[in-house]
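**Student:** Sequence and predicted structure below; questions after.
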Amino acid sequence: MKLLKISKKDFSDVLNRLKDSYRLYGPVRKGNIVDFAPIEDVSDIDLSFQNSRLSPKSLFLPQSERMFEYGLDPAGDEAHILKEASKDYSPKAVIGIRPCDAKALELVDANFDTPEFRDPWWVKARETTTLVGLGCTSPCSTCFCTTVGGGPFDDAGLDVLLTEINDAFLARVLTEKGEKLIKAANTFEPAEEELVQKATAIEQEAAGKIVSKVDTSRLAEIDTLALHGADFWEDVQFACINCGICTYLCPTCWCFDIQDETHGRVGCRMRNWDSCMFPLFTLHASGHNPRGQKIQRVRQRFMHKLKYYVDTYKMGVACVGCGRCVQHCPVNIDIRQVCRLMNEYEGKVPKVS
Amino acid sequence: MIANTKRIRETAKRLLREDIVDAVLGFKQGTVPMICQPVLVTRPEDVDVLYWDSFCGVNLANYLSKRKDRIAVVAKGCDARNIVVHTLENQIKRDQIFIMGVPCKGMVDPRKVRLALKEREPLEVTEDGDKIVVMGEGFETSLSKADLLQDNCAICIHRNPVIYDELMGEPVPEQEGIDRYADERKLEAMSADERSRHFQDLVATCIRCYACRDACPLCYCPTCFVDESRPQWLGKSIDPTDTLTFHLLRAFHCAGRCTDCGACERACPMDIKVRQFTKKLEKDVLELYDYEAGMTEETRPPLDVYQPDDPGDFIE
Amino acid sequence: MDNPYLPYPVRIEEITIETEDRNIKSFRVVFLNPEDEERFSYRPGQFAELSVAGTGECPIGIASSPTESGHLLFTVNKAGLVTSQLHNMQEGDVMGVRGPLGNYYPLDEMEGKNVVLIGGGFAFTTLRSTLVYMLAPENRDRFEEISVVYGARDEGMLLYKSELGAWLLRSDIQLHITVDCSDDPFCQYHIGFVPGITEQKITSAENSVAIICGPPIMIKFTQPVLEKVGFLPEDIIMSLENRMKCGIGMCGRCNVGADYVCKDGPILTLAKLNTLPKEY
């Protein structure tokens, strides 16, 4: 791993140079919200944010994405035959992604890039994107990354990790993709030992600032049916209004819907974010709904993140501790509390009826 | 606030003990600053979980639709009016509910607190009279509550519940000389194109999570029009026309029913001022029918009844 | 990279109205590109996403058998958006088929055993596939006795009527067809519900495996009948349905516990189902 440095005053030049070989994305402030957006003017990048409101997952799984196109005119060539929608997969670089959000991409890879099937759009977006992470020197009080397998300077999923040290950044070059980007930037210098030591101190201090913790140690061993039948779900679900905030803000929620949209005699097949919070998500054409009640939907969200994912992939929980759902749930449903209830659950497996 | 909390707990305990209600719907303290969580208490020994402060902005009428039990509900002025709408629309029977009315000096908007703190994060937020006291890492600051009210609370003229079974505190003075519709007059002054652009821009960041709809007690349709598939009224992608259609239709559906509790705007994760839609319709209904939602149990909302003398000149 | 969401284009070769209420039709489709047929190599019990451009996709069990080459058969009940649109389509129309998807009946493991197929209503489709497969000359000897209990509301609601007639004449399967009720005094079928007929006709679990496919109410009452005769949960095989979109275990909606019906199912043993939440 290479350790390099760049002074902050040169950073804009670096970004401008990168623009020649990459489509740049970075955190941009609009009003009180910072979100990841394509960068036209590098001065729009705002690295002073704590957490972006939405996770940058939309750069890989857009909220609405064209999958296929088709014509419906019977006279037309190849009417009703679907063709892949063309997309730009030229190299892309995301500047300033937080370590938790980068780790989330790795967790979601497990769903989209499998031995049996590979989701072409997710995989291509991942392959063509270089992630330049920005470690968190001042994490939020709702961050709990350190107890779900991450940390404010965790490098999982990143190609380059930046540590902010006064008027400079220390850059850890972690992958080949990272090397390539650094080469394109062409301004980085080797970091002196003193800077590296400073960075290490800052990183340790940041990890210490994360006081919010969860314990996930027992989740794998507790029986699925026992957890599913636990009595605490009744209390957990009461306040929930079944909106999609938690799922849409979550960096590891990947569920989607597929919809055809037509305009005149042409159309496209789209995929759109969907949410297990919505009754329509599981509604059968017959009218039957296996998760028709709110309690079933709330339970599904937590069971998926904290039990099913754990059992299926053996990669820990499908939560990176970014705290977005904790901060923005309008009725304060707190995944940390639910995780505690699940992890501490001692109940028995209900009898099969 | 402390007095309200005490009164709420005492009343809840009495109502449960004397078997006047089966459950009490109120708030408990949240796990993070500046939010309280709706909670249902069914045993007298559990009433101490109940809590009240200026962050109880959720409208609890949202939890009443189709309930079968006898239930006491903690309600601010706007919430109590919303409960009236619910009884008028047969979502719940008046004799099923016991309204624990809370005279309200307005709810605090956590976004405004954050804005006032610049980039500093609030770790503990308490109230001291008309002050909001915020503590964070290496700072403590006292802010004036009046500057931090939710937009709907700042222009509220019905702070005291109009209908209640018992009050959880002394009535508060109503705000006088309030200009409730300054924003709407700005909208009305715009040309149709400007207004269209204004609303398009307003919802440009909408992520269609439907939190505004789901936080709204009035949105109790078994299947919302956005979820209908045959026919499908609305596309599911984040097409700007579909998004705007959702917001407009939702607002129209609440016309003459909305009590401006602000739950929709409070819930929005993208900080969209969705009340601009409902507020304009509230003004129209007031001007056309001289009607404010939920002020009386005697009159049905004007848009679900027909009167021979209904104004008709706005239909061309 | 293969795109698992891209349907193969097919042409509807023949549409058969299966039932008197005209609500169930069978679609025989042929691939527009012959090489797609080779890529679409399937086994009984699997399903496909039928794709109608402009409307969407819906998961439908494959009713044809791999032993019948040259076409695929789908029997579709008109219920939702896509199936309604399918019912409006004509012979010669172009649509799409994506698959094969999901797992399949463990027919290889059932070699040398007695096989009991129990089906009700329009869920007989993948059982048709299974039956045709097992009855194919090259396969029949691999299985011992084959018994089938198939029920429908009335005679007009039975699927594949001409084939049923032919099967009834064969000596190498025991086919018990039943209807819930009939006005016809000469009704050639049993009259009664599937669980009752199963109780009369399936009297031994010796070296047997049962596959049940039908409406939840039929399954609920047939299951105890089989268990009473001695079928173990491992030897009772079912096919589940849930709302699906992607069909490849990615979109997240059809899960039952940690299993996706589209990818880990739709075929599950009762033993496995007993370990999962009842979210189907």
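**Tutor:** On my side now, so go ahead.
**Student:** any idea which helix or strand carries the residue nearest the centre of chain A?
**Tutor:** Compute the mean C-alpha point of chain A, and by Cα atoms, centre = their mean the closest residue is A:P251, 2.6 Å away. Using DSSP states H and E, A:P251 sits within no helix or strand.
**Student:** Give me the pLDDT value at it.
**Tutor:** Per-residue confidence for A:P251 comes out at a pLDDT of 98.
**Student:** Could you work out the end-to-end span of stretch A:170-187 for me?
**Tutor:** 13 Å (Cα to Cα, to the nearest Å).
**Student:** For that stretch, buried residues please.
**Tutor:** Neighbour-count burial for stretch A:170-187, with 16 or more other Cβ atoms under 10 Å in any protein chain shown as criterion, is recorded at A:170-175, A:177-178, A:180-182, A:184-185. (Glycine included, C-beta is placed from N, CA and C.)
**Student:** Now do it: everything it contacts.
**Tutor:** Outside stretch A:170-187, the residues that touch it by Cβ atoms under 8 Å, 6 or more residues apart in numbering or on different chains are A:1-6, A:10, A:13-14, A:17-18, A:20-22, A:93, A:130, A:132, A:155, A:158-163, A:188, A:191, A:195-196, A:198-199.
**Student:** Please tell me how far the single nearest residue of the stretch 1-150 of chain C relative to chain B sits from A:R324.
**Tutor:** When distances are taken as Cβ to the nearest Cβ, the stretch 1-150 of chain C approaches chain B most closely through C:L81, which lies 5.4 Å from it. Between C:L81 and A:R324 the computed distance is 34 Å (Cβ to Cβ, to the nearest Å).
**Student:** Of the contacts of stretch A:170-187, just the buried ones, PyMOL syntax please.
**Tutor:** To isolate the buried members of the contacts of stretch A:170-187 in PyMOL, using 16+ other Cβ under 10 Å:
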select buried, chain A and resi 3+4+5+6+10+14+18+21+22+93+130+132+155+158+159+160+161+162+163+188+191+195+196+198+199
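**Student:** Stretch A:117-130 near chain B anywhere?
**Tutor:** No. Counting by Cβ under 8 Å from any Cβ of the partner chain, no contacts exist between stretch A:117-130 and chain B, the nearest distance being 14.9 Å.
**Student:** how about that stretch: buried residues?
**Tutor:** Going by neighbour count (16+ other Cβ under 10 Å), the buried part of stretch A:117-130 is A:F117, A:R118, A:D119, A:P120, A:W121, A:W122, A:A125, A:R126, A:T128, A:T129, A:T130.
**Student:** B:R14: neighbour count?
**Tutor:** By the measure other Cβ atoms under 10 Å in any protein chain shown, the count of residues near B:R14 is 15.
**Student:** tell me which parts of the stretch 101-250 of chain A are close to chain B?
**Tutor:** Taking Cβ under 8 Å from any Cβ as the criterion, the neighbours of chain B within the stretch 101-250 of chain A are A:140-142, A:238-239, A:241-245, A:247-249.
**Student:** now do 6 Å
**Tutor:** By the rule Cβ under 6 Å from any Cβ of the partner chain, the part of the stretch 101-250 of chain A lying against chain B is A:S141, A:F238, A:A239, A:I241, A:N242, A:C243, A:G244, A:I245, A:Y248.
**Student:** residue boundaries of the helices in the stretch 151-300 of chain B?
**Tutor:** B:151-154, B:182-189, B:192-202, B:211-215, B:240-253, B:263-267, B:275-289 (DSSP state H, counting those that start in this stretch).
**Student:** could you give the angle of the longest one to helix B:240-253?
**Tutor:** Angle of helix B:275-289 versus helix B:240-253, following axes from the mean of the first three to the mean of the last three Cα atoms, to 10 degrees, is 40 degrees.
**Student:** Let me see the mean pLDDT of helix B:275-289.
**Tutor:** For helix B:275-289, the mean pLDDT works out to 94.
**Student:** coming back round to it: looking at C:L81 and A:R324, which one has more neighbours?
**Tutor:** Applying other Cβ under 10 Å to C:L81 and A:R324 shows that A:R324 carries more neighbours, namely 27 against 17.
**Student:** give me phi/psi at the nearest residue to the more buried one once chain neighbours are set aside?
**Tutor:** If the residues on either side of it in the chain are set aside, A:R324 comes closest to A:L249, at 4.2 Å by Cβ to Cβ, 6 or more residues apart in numbering or on different chains. A:L249 has phi and psi values of phi -80, psi -20 when expressed as degrees, to the nearest 10.
**Student:** Verify the stated contact: A:L249 with A:C322.
**Tutor:** No. Contact criterion Cβ atoms under 6 Å: A:L249 and A:C322 do not qualify, at 8.6 Å.
**Student:** What segments of the stretch 51-200 of chain B are strands?
**Tutor:** Assigned strands in the stretch 51-200 of chain B, in chain order: B:71-75, B:97-101, B:124-128, B:131-136, B:139-144, B:166-167 (criterion: DSSP state E, counting those that start in this stretch).
**Student:** So is the fifth one next to chain A?
**Tutor:** If I follow you right, that is strand B:139-144. No. Against chain A, strand B:139-144 shows no contacts by Cβ under 6 Å from any Cβ, the least distance being 13.3 Å.
**Student:** List the contacts of that strand.
**Tutor:** The set of residues external to strand B:139-144 that reach it, using Cβ atoms under 6 Å, 6 or more residues apart in numbering or on different chains, is B:A116, B:R120, B:K131, B:I132, B:V133, B:V134.
**Student:** cool, the third one as well?
**Tutor:** With contact meaning Cβ under 6 Å, 6+ apart, strand B:124-128 is reached by B:M1, B:P33, B:M34, B:D53, B:S54, B:V133, B:V134, B:M135.
**Student:** and if you look at the shortest one?
**Tutor:** The contact list for strand B:166-167 (Cβ under 6 Å, 6+ apart) reads B:G101.
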